[in-house]
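> I would like to see how this sequence folds:
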Amino acid sequence: MRASALPKPVRQSNLARSRKGVIRALHYHERGQDDLFVCLQGRARVVALDRDTGETFCEDIGDENFSAVYVPGNLAHGFEALTDVLMLYHVSEEYDADDPDEHEWPWDDPRVVDLWSTRSPILSARDADES
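Okay, the predicted model is just below:
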């Protein structure tokens, strides 16, 4: 990664493991936290939705496509573990547990539901509440 090439500086890096079939989505950041997703192990699908225009984006990254996906924070975004994965994501803001800038959006929004590989994902309790 060349931080100087990014629109905003990286302020925090996070590492997450997910099992095949898990969808971690959708979330957005009103204060503008951007995310840079890298799949270090396995294969994941990154999905993004412009909540205003309905424009969507998805990219499979990881084993067959070792690249990073930059997602501006105003877009609802998340990822699906197509295999067991180890995801690294760099973010442009540090997490503040007292004032989190994380807002949920339904993973099965009609504009993105067909972008996922499954209609019956494994969801966290938080993500399941948003459906």
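> Could you use CA atoms for every contact and neighbour count after this?
Noted.
> which element is S13 on?
Using DSSP states H and E, S13 sits within strand 12-18.
> Contacts for that strand, please.
81, 84-95 (Cα atoms under 8 Å, 6 or more residues apart in numbering).
> one more time with 10 Å
24, 35-42, 44, 79-95, 122 (Cα atoms under 10 Å, 6 or more residues apart in numbering).
> Buried ones among those?
24, 35-42, 44, 79-93, 122 (16 or more other Cα atoms under 10 Å).
> So S4 lies in a strand, does it not?
No. Assessed with DSSP: H, G, I helix; E, B strand; the rest coil, S4 is helix; it does not lie in a strand.
> Pull the contacting residues for the spatially most central residue of the chain.
Centroid check for the chain by Cα atoms, centre = their mean gives G78 as the closest residue, at 2.6 Å. Counting by Cα under 10 Å, 6+ apart, G78 makes contact with 23-28, 35, 37, 45-49, 58, 71, 105, 107.
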